[in-house]
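# Would you be able to build a 3D model of this:
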Amino acid sequence: MTVIRIEDAADPRLSDYTGLTDVARRSKHEPSMGIYMAESETVIRIAVEAGHRVKSLLMAERWIDPLADLLPAIGADDAGVTPLYVADYETLEQITGFNMHRGALAAMYRPELASLDSLLDSLSTISSPRIAILDGLVNHTNVGAIFRSAAALGADAVLISPTCADPLYRRSIRVSMGTVFQVPWTRFESWADLGAALQARGFAAAALALSDDSVDLEEYAASAPERLALILGTEGTGISSDAQAICDAVVRIPMRADVDSLNVAAASAVAFWALRA
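Modelled structure (predicted):
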(Lines give C-alpha, C1' and ligand atoms only; values in the text may rest on other atoms or scores of the structure.)
Protein backbone atom coordinates (compact mmCIF):
# COMPACT_ATOMS: atom_id res chain seq x y z
CA MET A 1 0.00 0.00 0.00
CA THR A 2 1.49 3.33 -1.10
CA VAL A 3 0.25 6.57 0.50
CA ILE A 4 0.16 9.43 -2.01
CA ARG A 5 -0.78 12.90 -0.75
CA ILE A 6 -2.73 14.94 -3.28
CA GLU A 7 -2.74 18.73 -3.51
CA ASP A 8 -4.03 19.19 -7.07
CA ALA A 9 -7.63 18.13 -7.72
CA ALA A 10 -6.79 17.87 -11.43
CA ASP A 11 -4.20 15.15 -10.83
CA PRO A 12 -4.79 12.68 -13.70
CA ARG A 13 -4.25 9.71 -11.38
CA LEU A 14 -7.63 10.53 -9.83
CA SER A 15 -9.71 10.13 -12.99
CA ASP A 16 -11.71 7.27 -11.45
CA TYR A 17 -13.01 9.67 -8.80
CA THR A 18 -13.88 12.78 -10.79
CA GLY A 19 -17.46 13.95 -11.25
CA LEU A 20 -19.09 11.38 -8.99
CA THR A 21 -22.32 13.40 -8.84
CA ASP A 22 -22.85 13.12 -12.61
CA VAL A 23 -25.23 10.14 -12.57
CA ALA A 24 -25.55 9.78 -16.34
CA ARG A 25 -21.80 9.86 -16.90
CA ARG A 26 -20.92 7.60 -13.98
CA SER A 27 -23.59 5.05 -14.90
CA LYS A 28 -21.82 4.55 -18.24
CA HIS A 29 -18.24 5.18 -17.17
CA GLU A 30 -17.97 2.79 -14.25
CA PRO A 31 -19.27 -0.39 -15.94
CA SER A 32 -17.23 0.36 -19.08
CA MET A 33 -14.09 0.72 -16.94
CA GLY A 34 -14.88 -2.40 -14.92
CA ILE A 35 -15.05 -0.53 -11.60
CA TYR A 36 -17.52 0.66 -9.01
CA MET A 37 -17.27 3.06 -6.06
CA ALA A 38 -17.47 1.89 -2.45
CA GLU A 39 -18.20 4.79 -0.11
CA SER A 40 -17.57 4.86 3.65
CA GLU A 41 -15.47 2.69 5.94
CA THR A 42 -18.34 0.26 6.54
CA VAL A 43 -19.07 -0.36 2.86
CA ILE A 44 -15.38 -0.72 1.96
CA ARG A 45 -14.97 -3.31 4.69
CA ILE A 46 -17.99 -5.32 3.54
CA ALA A 47 -16.77 -5.22 -0.07
CA VAL A 48 -13.30 -6.46 0.86
CA GLU A 49 -14.75 -9.15 3.13
CA ALA A 50 -16.90 -10.28 0.19
CA GLY A 51 -13.69 -10.85 -1.78
CA HIS A 52 -13.88 -7.80 -4.05
CA ARG A 53 -10.53 -6.33 -5.15
CA VAL A 54 -9.52 -2.73 -4.52
CA LYS A 55 -8.02 -0.70 -7.37
CA SER A 56 -7.26 2.40 -5.27
CA LEU A 57 -8.49 4.39 -2.27
CA LEU A 58 -9.18 8.10 -1.75
CA MET A 59 -9.70 9.55 1.70
CA ALA A 60 -9.08 12.28 4.21
CA GLU A 61 -6.08 11.90 6.52
CA ARG A 62 -8.20 11.04 9.55
CA TRP A 63 -9.50 7.84 7.94
CA ILE A 64 -6.10 6.19 7.59
CA ASP A 65 -6.06 4.99 11.20
CA PRO A 66 -9.66 3.62 11.27
CA LEU A 67 -8.88 1.60 8.14
CA ALA A 68 -5.34 0.65 9.15
CA ASP A 69 -6.24 -2.94 10.07
CA LEU A 70 -7.86 -3.46 6.65
CA LEU A 71 -5.12 -2.00 4.47
CA PRO A 72 -2.73 -5.00 4.63
CA ALA A 73 -5.55 -7.31 3.54
CA ILE A 74 -6.24 -5.27 0.42
CA GLY A 75 -3.01 -6.37 -1.21
CA ALA A 76 -1.69 -5.13 -4.53
CA ASP A 77 -3.45 -4.36 -7.78
CA ASP A 78 -2.42 -5.66 -11.21
CA ALA A 79 0.37 -3.08 -11.42
CA GLY A 80 1.90 -4.35 -8.19
CA VAL A 81 0.73 -1.66 -5.78
CA THR A 82 -2.59 -0.30 -4.51
CA PRO A 83 -2.40 3.48 -4.23
CA LEU A 84 -3.95 5.24 -1.24
CA TYR A 85 -4.63 8.85 -2.20
CA VAL A 86 -4.97 11.29 0.70
CA ALA A 87 -6.17 14.90 0.47
CA ASP A 88 -7.80 17.59 2.59
CA TYR A 89 -11.59 17.92 2.53
CA GLU A 90 -11.60 20.92 0.20
CA THR A 91 -9.53 19.08 -2.40
CA LEU A 92 -11.64 15.95 -2.00
CA GLU A 93 -14.77 17.95 -2.74
CA GLN A 94 -13.15 19.50 -5.82
CA ILE A 95 -12.27 16.02 -7.08
CA THR A 96 -15.55 14.22 -6.41
CA GLY A 97 -18.09 17.05 -6.60
CA PHE A 98 -19.53 16.49 -3.12
CA ASN A 99 -18.64 16.88 0.54
CA MET A 100 -16.91 13.65 1.52
CA HIS A 101 -18.06 13.69 5.13
CA ARG A 102 -18.00 9.88 5.15
CA GLY A 103 -14.30 10.25 4.62
CA ALA A 104 -13.27 7.35 2.41
CA LEU A 105 -13.85 6.08 -1.12
CA ALA A 106 -12.50 3.02 -2.87
CA ALA A 107 -12.44 2.30 -6.58
CA MET A 108 -13.22 -1.42 -6.68
CA TYR A 109 -12.89 -3.88 -9.54
CA ARG A 110 -16.30 -5.19 -10.58
CA PRO A 111 -16.68 -8.91 -9.96
CA GLU A 112 -17.74 -11.06 -12.88
CA LEU A 113 -21.47 -11.72 -12.71
CA ALA A 114 -22.77 -15.27 -12.65
CA SER A 115 -24.80 -16.44 -15.60
CA LEU A 116 -28.55 -16.65 -15.15
CA ASP A 117 -28.47 -20.44 -15.33
CA SER A 118 -25.66 -20.83 -12.81
CA LEU A 119 -27.32 -18.48 -10.34
CA LEU A 120 -30.66 -20.27 -10.58
CA ASP A 121 -28.96 -23.65 -10.30
CA SER A 122 -27.22 -22.49 -7.11
CA LEU A 123 -30.67 -22.21 -5.49
CA SER A 124 -31.50 -25.87 -6.08
CA THR A 125 -30.57 -26.91 -2.54
CA ILE A 126 -32.64 -24.17 -0.88
CA SER A 127 -36.03 -25.16 0.47
CA SER A 128 -38.76 -22.82 -0.84
CA PRO A 129 -36.42 -20.33 -2.57
CA ARG A 130 -37.54 -16.74 -3.11
CA ILE A 131 -36.23 -14.54 -5.94
CA ALA A 132 -36.77 -10.82 -6.49
CA ILE A 133 -36.83 -9.60 -10.10
CA LEU A 134 -36.35 -5.86 -10.68
CA ASP A 135 -38.15 -4.69 -13.81
CA GLY A 136 -36.74 -1.45 -15.18
CA LEU A 137 -36.18 0.38 -11.90
CA VAL A 138 -34.21 3.57 -12.61
CA ASN A 139 -33.93 4.97 -9.08
CA HIS A 140 -30.69 3.84 -7.45
CA THR A 141 -32.07 4.50 -3.97
CA ASN A 142 -34.93 2.08 -4.56
CA VAL A 143 -32.58 -0.56 -5.95
CA GLY A 144 -30.35 -0.33 -2.88
CA ALA A 145 -33.29 -0.39 -0.47
CA ILE A 146 -34.72 -3.50 -2.13
CA PHE A 147 -31.40 -5.30 -1.74
CA ARG A 148 -31.38 -4.40 1.96
CA SER A 149 -34.91 -5.76 2.37
CA ALA A 150 -33.98 -8.88 0.39
CA ALA A 151 -31.06 -9.55 2.71
CA ALA A 152 -33.03 -8.86 5.87
CA LEU A 153 -36.25 -10.67 4.97
CA GLY A 154 -35.03 -13.76 3.20
CA ALA A 155 -34.96 -13.27 -0.56
CA ASP A 156 -32.33 -15.72 -1.82
CA ALA A 157 -31.35 -13.89 -5.02
CA VAL A 158 -32.08 -10.79 -7.08
CA LEU A 159 -32.34 -10.71 -10.87
CA ILE A 160 -31.87 -7.42 -12.70
CA SER A 161 -33.61 -6.60 -15.98
CA PRO A 162 -31.69 -5.14 -18.94
CA THR A 163 -33.12 -1.65 -18.27
CA CYS A 164 -32.71 -1.67 -14.48
CA ALA A 165 -30.34 0.71 -12.66
CA ASP A 166 -26.94 -0.55 -11.58
CA PRO A 167 -26.87 -2.19 -8.11
CA LEU A 168 -23.17 -1.29 -7.92
CA TYR A 169 -23.75 2.43 -8.38
CA ARG A 170 -22.45 4.37 -5.36
CA ARG A 171 -25.89 5.38 -4.04
CA SER A 172 -27.33 1.88 -4.48
CA ILE A 173 -24.47 0.39 -2.51
CA ARG A 174 -24.71 2.97 0.26
CA VAL A 175 -28.48 2.64 0.67
CA SER A 176 -28.18 -1.15 0.67
CA MET A 177 -25.62 -0.94 3.50
CA GLY A 178 -23.39 -3.25 1.49
CA THR A 179 -25.96 -6.02 1.06
CA VAL A 180 -25.46 -5.84 -2.72
CA PHE A 181 -22.23 -7.71 -1.91
CA GLN A 182 -24.07 -10.35 0.12
CA VAL A 183 -27.24 -11.22 -1.79
CA PRO A 184 -26.52 -13.23 -4.97
CA TRP A 185 -27.58 -11.31 -8.07
CA THR A 186 -27.06 -11.09 -11.79
CA ARG A 187 -28.44 -9.31 -14.83
CA PHE A 188 -30.43 -11.23 -17.44
CA GLU A 189 -30.64 -10.30 -21.12
CA SER A 190 -34.09 -11.48 -22.19
CA TRP A 191 -37.45 -11.80 -20.45
CA ALA A 192 -38.32 -14.75 -22.67
CA ASP A 193 -35.10 -16.54 -21.68
CA LEU A 194 -35.76 -15.71 -18.02
CA GLY A 195 -39.29 -17.10 -18.22
CA ALA A 196 -38.03 -20.33 -19.76
CA ALA A 197 -35.24 -20.66 -17.19
CA LEU A 198 -37.65 -20.15 -14.29
CA GLN A 199 -40.22 -22.55 -15.69
CA ALA A 200 -37.57 -25.23 -16.27
CA ARG A 201 -36.66 -25.07 -12.57
CA GLY A 202 -40.21 -25.09 -11.27
CA PHE A 203 -40.51 -21.43 -10.31
CA ALA A 204 -43.80 -19.57 -10.42
CA ALA A 205 -43.58 -15.85 -11.23
CA ALA A 206 -45.84 -13.30 -9.54
CA ALA A 207 -45.91 -9.57 -10.27
CA LEU A 208 -46.55 -7.09 -7.48
CA ALA A 209 -48.99 -4.66 -9.10
CA LEU A 210 -52.45 -3.15 -9.05
CA SER A 211 -54.78 -4.68 -11.61
CA ASP A 212 -58.37 -5.87 -11.86
CA ASP A 213 -57.30 -9.51 -11.72
CA SER A 214 -54.80 -9.13 -8.88
CA VAL A 215 -54.91 -11.35 -5.79
CA ASP A 216 -54.70 -10.02 -2.26
CA LEU A 217 -51.15 -10.57 -0.90
CA GLU A 218 -52.37 -12.27 2.27
CA GLU A 219 -54.56 -14.63 0.25
CA TYR A 220 -51.70 -15.44 -2.14
CA ALA A 221 -49.23 -15.97 0.71
CA ALA A 222 -51.52 -18.50 2.36
CA SER A 223 -50.89 -20.94 -0.50
CA ALA A 224 -47.79 -19.45 -2.15
CA PRO A 225 -45.82 -21.64 -4.56
CA GLU A 226 -42.86 -23.46 -3.07
CA ARG A 227 -40.50 -21.84 -5.58
CA LEU A 228 -41.40 -18.22 -6.22
CA ALA A 229 -40.03 -15.28 -8.22
CA LEU A 230 -41.54 -11.90 -7.33
CA ILE A 231 -41.42 -9.20 -10.03
CA LEU A 232 -41.18 -5.56 -8.89
CA GLY A 233 -41.78 -2.75 -11.40
CA THR A 234 -41.48 1.00 -11.50
CA GLU A 235 -43.95 3.27 -9.73
CA GLY A 236 -44.63 5.17 -12.94
CA THR A 237 -45.26 2.57 -15.64
CA GLY A 238 -45.54 -0.49 -13.42
CA ILE A 239 -44.77 -3.96 -14.72
CA SER A 240 -43.62 -4.06 -18.35
CA SER A 241 -45.48 -6.09 -20.96
CA ASP A 242 -42.45 -8.39 -21.32
CA ALA A 243 -42.53 -9.09 -17.59
CA GLN A 244 -46.27 -9.63 -17.61
CA ALA A 245 -45.82 -12.28 -20.28
CA ILE A 246 -43.97 -14.59 -17.89
CA CYS A 247 -46.27 -14.02 -14.88
CA ASP A 248 -48.45 -16.71 -13.37
CA ALA A 249 -50.21 -14.29 -11.03
CA VAL A 250 -50.55 -10.62 -10.11
CA VAL A 251 -50.49 -9.78 -6.40
CA ARG A 252 -51.55 -6.57 -4.68
CA ILE A 253 -50.96 -5.09 -1.23
CA PRO A 254 -54.31 -3.85 0.12
CA MET A 255 -54.31 -0.09 0.78
CA ARG A 256 -56.29 1.96 3.28
CA ALA A 257 -57.13 5.64 3.67
CA ASP A 258 -57.33 6.13 -0.11
CA VAL A 259 -53.60 5.56 -0.50
CA ASP A 260 -52.94 4.43 -4.05
CA SER A 261 -49.73 2.47 -3.55
CA LEU A 262 -46.45 2.18 -1.68
CA ASN A 263 -43.01 3.14 -2.86
CA VAL A 264 -41.58 0.07 -4.62
CA ALA A 265 -38.87 -0.39 -1.98
CA ALA A 266 -41.43 -0.30 0.84
CA ALA A 267 -43.72 -2.63 -1.11
CA SER A 268 -40.87 -5.09 -1.60
CA ALA A 269 -40.28 -5.29 2.15
CA VAL A 270 -43.97 -5.99 2.81
CA ALA A 271 -44.06 -8.67 0.12
CA PHE A 272 -40.80 -10.33 1.16
CA TRP A 273 -42.10 -10.60 4.72
CA ALA A 274 -45.51 -11.94 3.71
CA LEU A 275 -44.07 -14.47 1.25
CA ARG A 276 -41.12 -15.61 3.35
CA ALA A 277 -40.50 -19.34 3.32
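
# Can you identify each of the strands in the stretch 1-150 of the chain by residue range?
Secondary structure of the stretch 1-150 of the chain (DSSP state E, counting those that start in this stretch): strands at 2-5, 35-39, 54-59, 83-86, 104-109, 130-135.

# So what touches the fifth one?
Okay, so that is strand 104-109. With CB atoms under 8 Å, 6 or more residues apart in numbering as the test, strand 104-109 has contacts from 16-17, 20, 34-41, 44, 47, 52-60, 63, 67, 96. Backbone N, C-alpha and C define where each C-beta goes, glycine included.

# Checking the most centrally placed residue in the chain next. Helix, strand or coil?
The centroid of the chain falls nearest to P167 when counting by CA atoms, centre = their mean (2.7 Å). At P167 the chain is in coil, as set by DSSP: H, G, I helix; E, B strand; the rest coil.

# So for it, what's the nearest residue that isn't a sequence neighbour?
The shortest distance from P167 to any non-neighbouring residue, by CB to CB, 6 or more residues apart in numbering, is to V180 (4.7 Å).

# can you tell me how far that neighbour sits from R170?
Distance, V180 to R170, using CB to CB, to the nearest Å: 11 Å.

# Sketch out the low-pLDDT regions of the stretch 51-200 of the chain for me.
In the predicted model of the stretch 51-200 of the chain, residues 75-80, 102 satisfy pLDDT under 70.

# let's go with 50 and repeat that
Counting by pLDDT under 50, the stretch 51-200 of the chain shows no low-confidence range.

# Identify each of the helices in it and give its residue range.
71-74, 89-96, 116-121, 140-153, 170-176, 191-200 (DSSP state H, counting those that start in this stretch).

# As a markdown table, those helices with distance to W185 and mean neighbour count would be great.
Shown next, in a markdown table, are the helices of the stretch 51-200 of the chain (distance: least, CB to CB, whole Å; neighbours: other CB atoms under 10 Å):
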| stretch | distance to W185 | mean neighbour count |
| --- | --- | --- |
| helix 71-74 | 24 | 13 |
| helix 89-96 | 26 | 18 |
| helix 116-121 | 8 | 17 |
| helix 140-153 | 8 | 23 |
| helix 170-176 | 11 | 23 |
| helix 191-200 | 13 | 16 |
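
# these two touch, right, C164 and D135?
Yes. The pair C164 / D135 is scored as a contact, 7.1 Å apart, by CB atoms under 8 Å.

# out of these two, which sits in the busier spot?
Neighbours around C164 and D135, counted as other CB atoms under 10 Å, are more numerous at D135. The numbers are 26 against 20.
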